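Undergrad: Fold the following.
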Amino acid sequence: MHHNAGTTLRDGTTVSDLINLETREVKVRALSDPELYELEMEKIFAKTWIFLGHETEIPNKGDFVTRDMGSDAVIVARDRDNEIHVSLNVCPHRAMRVQTHDAGNTNVHMCIYHGWAFKPNGDFIGAPVEKECMHGKMTPKDQLGLKKARVALYGGLIFATWNIDGPSLEEFFGDAKYYFDTLFLRTKGGLEVLGPPQRFRINANWKTACEQSAADGFHTLTLHRWLAEVGPYAKKPDAEGKGADLSPEMYGSEVWTDHGHALRCIELDRKILRLTGKNPAELSPVEKLTALPPPGITPEMVPELLERFDDGQLKLMSWRPPQVGGFFPNGLFEFIYLPQPDGTIVGACALHAYIPKGPDKLEFMNWIFAEKDTPPELKARMLRQSVQMLGTSGMVEMEDSDTWPHQTEVAKGAMSKTITMKYQAMFDQGAPEGWPGPGHVGDGFTKDDTQWAWWKYWHELMTSEK
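TA: Numbers count the residues shown, from 1 in each chain. All right, here's what the predicted structure looks like:
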């Protein structure tokens, strides 16, 4: 990929002036600049694979939802052949938004302005008064359809890109796919959404949320300190009487890729010891998985895991599974263990997307998932507790979404925008002994490497000549 370090803003600043690759610093201006935002829409959101939703949101022929790929509105629709298509939600006649509903079912998407009609796959059907040929004769009908994106399904997740000839989704995932498979490809039935996504607007730049989603662990210690203090989450005092310590949760392994994907793989041994009373080192991966199944997996589903994954992935899932992380540029996943008052654990499975809505505005979308074969009563518990923790009213996101507007606002200051954000806490050792997976891996207490990888890929795309 060719780079152009001189991609220049109107005041003469280049994109490369905003990021110091040697000292791992990013100027705060990057979180607010309107001109930079426009470049991001072109160089990142128009070029990479963007997560849009899940196929179970549109289970029937003719079902659709409307979503956004960066600054572009799109229609995600299932056609009569059960194929899923993503089309630009802009009528080629007079640039009216074709589909004005958030979701629905129709075999014809008709523009309310002049009545041009399109199939779920984006093909042009026709305009009113066919004999008068309202669409004219200069452009053939087969060239008057909606602009179509390239679509890929992965574990039911819908991704799309405008980069028709670019890398495949699997190539884009790269080394991260080994880990993503353990989250999204676990059972034959697969995942399903538990209702439509939650949505709300935040007065913040999209990158404030997304660089945090690249597996930032440090903020958990302070912003989410209550996780060590409240109810079943509370940490019991140690021998010296000290409690409320989240530090043990910060140990594990973190994985990052050259395309900015990131995963925090957190140690499970303490949870397994508490649940079984046995030394985890003396248990096989199968015994561990049976005692503490992955979030959203019941003990009855564990045999499916044994059929679908190799020994390395099973070791990972029972030892240090990916629990939090993100796909570049704007997706976050959470597969976490929620302790219950009775000592048991309920899993929560959620995906977030942070949709750019301007230099200082984003839309937060939150999907909650369960395996299709999960018993209804457990699905209800997972949904209720996930909403309490991770949703638009969830305790975690209320804290996260309070910081992002502050970052965005200070980034506008004449002096503030010149200071730098620092990603200088670096792993000093690689993968732990016996680590089964690929990618860049750091072991020990959480560090900044995952977020720095996010910014490095941001820089690569923003300075590319393609």
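
Undergrad: Counting neighbours, which bits of stretch 366-380 end up buried?
TA: 366-371, 374, 379 (16 or more other C-beta atoms under 10 Å). (Each C-beta comes from the backbone N, C-alpha and C, glycine too.)

Undergrad: Please report the average pLDDT across it, rounded to a whole number.
TA: For stretch 366-380, mean pLDDT rounds to 95.

Undergrad: repeat for stretch 163-176
TA: Average pLDDT, stretch 163-176: 97.

Undergrad: Let me see the residues that make contact with that stretch.
TA: With contact meaning C-beta atoms under 8 Å, 6 or more residues apart in numbering, stretch 163-176 is reached by 46-49, 150, 152, 154, 159, 177, 180, 255, 257-259, 261, 263, 327, 437-440.

Undergrad: what do you get if the cut-off is 10 Å, keeping everything else the same?
TA: The set of residues external to stretch 163-176 that reach it, using C-beta atoms under 10 Å, 6 or more residues apart in numbering, is 46-49, 148-154, 157, 159-161, 177, 179-181, 255-263, 322, 325-328, 437-441, 466.

Undergrad: List buried residues within the residues you listed.
TA: Looks like the contacts of stretch 163-176 have 46-49, 148-152, 154, 157, 159-161, 177, 179-181, 255-257, 259-263, 322, 325-328, 437-441 buried, using 16+ other C-beta under 10 Å.

Undergrad: related to what we said a few turns ago, filter the contacts of stretch 163-176 down to just the ones in strands.
TA: Secondary-structure check on those using DSSP state E: residues within strands are 150-154, 157, 159-161, 255-256, 262-263, 322, 325-327, 440-441.

Undergrad: For the stretch 51-200 of the chain, which segments are assigned as strands?
TA: 63-69, 72-78, 84-88, 103-105, 109-110, 117-118, 124-126, 150-154, 157-161, 191-193, 198-202 (DSSP state E, counting those that start in this stretch).

Undergrad: Which of these sits closest to residue 139?
TA: strand 124-126 (9.6 Å; C-beta to C-beta).

Undergrad: For residue 344, which of the strands of the stretch 51-200 of the chain is the nearest?
TA: Closest among the strands of the stretch 51-200 of the chain, using C-beta to C-beta: strand 191-193, at 22.0 Å.

Undergrad: Tell me the helices and strands packed up against that closest one.
TA: strand 50-54, strand 345-356, strand 362-371 (3 or more C-beta pairs under 10 Å, 6 or more residues apart in numbering; DSSP states H and E).

Undergrad: Using a markdown table, lay out these together with distance to residue 401.
TA: Converted to a markdown table, the helices and strands packed on strand 191-193 look like this (distance: least, C-beta to C-beta, whole Å):
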| stretch | distance to residue 401 |
| --- | --- |
| strand 50-54 | 19 |
| strand 345-356 | 10 |
| strand 362-371 | 7 |
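
Undergrad: From what I see, residue 181 and residue 309 are in contact.
TA: Yes: at 7.5 Å, residue 181 and residue 309 qualify as touching, with contact defined as C-beta atoms under 10 Å.

Undergrad: so what's residue 110 closest to, chain neighbours aside?
TA: Spatial nearest neighbour of residue 110, excluding adjacent residues (C-beta to C-beta, 6 or more residues apart in numbering): residue 117 at 4.5 Å.

Undergrad: Likewise for residue 388?
TA: residue 394 (6.1 Å).

Undergrad: Quick check: the one you found touching residue 384?
TA: No: taking C-beta under 10 Å as the definition, residue 394 is not a contact partner of residue 384, at 11.2 Å.

Undergrad: More neighbours: which of these two?
TA: Remark: of residue 394 and residue 384, residue 394 carries more neighbours, 20 against 13, as counted by other C-beta atoms under 10 Å.

Undergrad: residue contacts, the more buried one?
TA: By C-beta under 10 Å, 6+ apart, residue 394 lies in contact with 198, 348, 350, 366, 385-388, 400-401.

Undergrad: Columns distance to residue 288 on top of these, output as TSV?
TA: Output for those, formatted as TSV (distance: C-beta to C-beta, whole Å):
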residue	distance to residue 288
198	33
348	20
350	24
366	30
385	23
386	24
387	29
388	28
400	31
401	35
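
Undergrad: Closest one of these to residue 185?
TA: residue 350 (17.3 Å).

Undergrad: correct me, but the closest one touches residue 332?
TA: Yes: the pair residue 350 / residue 332 is scored as a contact, 8.4 Å apart, by C-beta under 10 Å.

Undergrad: Overlap of the contact sets of the two?
TA: By C-beta under 10 Å, 6+ apart, the residues touching both residue 350 and residue 332 are 366, 390.

Undergrad: Break the protein down into its structural domains.
TA: Here the domain parsing of the chain from automatic domain parsing is 50-162, 175-462.

Undergrad: Pull out the buried residues from stretch 214-229.
TA: Buried, per 16+ other C-beta under 10 Å, within stretch 214-229: 214-217, 220-221, 223-224, 227-228.

Undergrad: what's the closest of the buried residues of stretch 366-380 to residue 29?
TA: The closest of the buried residues of stretch 366-380 to residue 29 turns out to be residue 366 (C-beta to C-beta; 29.2 Å).

Undergrad: what's that closest one in contact with, if anything?
TA: By C-beta under 10 Å, 6+ apart, the contact list for residue 366 reads 197-200, 332, 334, 350-353, 386-387, 390-392, 394, 397.

Undergrad: go on, residue 311?
TA: Taking C-beta under 10 Å, 6+ apart, one finds 285, 436 in contact with residue 311.

Undergrad: where's it relative to residue 263, distance?
TA: Here residue 311 is placed at a distance of 19 Å from residue 263 (C-beta to C-beta, to the nearest Å).

Undergrad: CA atoms only: put stretch 412-427 into PDB for me.
TA: What follows is stretch 412-427 as a C-alpha-only set of coordinates in PDB (Å, rounded to 0.1, in the frame of the first residue of the first chain):
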ATOM      1  CA  LYS A 412     -11.300  22.200  20.100                       C
ATOM      2  CA  GLY A 413      -9.200  24.400  22.400                       C
ATOM      3  CA  ALA A 414      -6.500  26.500  20.800                       C
ATOM      4  CA  MET A 415      -3.900  25.200  23.300                       C
ATOM      5  CA  SER A 416      -5.600  21.900  24.100                       C
ATOM      6  CA  LYS A 417      -5.600  20.600  20.600                       C
ATOM      7  CA  THR A 418      -1.800  20.800  20.400                       C
ATOM      8  CA  ILE A 419      -1.100  18.500  23.300                       C
ATOM      9  CA  THR A 420      -0.800  14.800  22.700                       C
ATOM     10  CA  MET A 421      -2.500  11.600  23.800                       C
ATOM     11  CA  LYS A 422       0.100   9.000  24.800                       C
ATOM     12  CA  TYR A 423       0.200   5.300  24.200                       C
ATOM     13  CA  GLN A 424       3.600   4.600  25.800                       C
ATOM     14  CA  ALA A 425       2.900   1.800  28.200                       C
ATOM     15  CA  MET A 426       4.300  -1.100  26.200                       C
ATOM     16  CA  PHE A 427       4.400  -4.900  26.800                       C
END
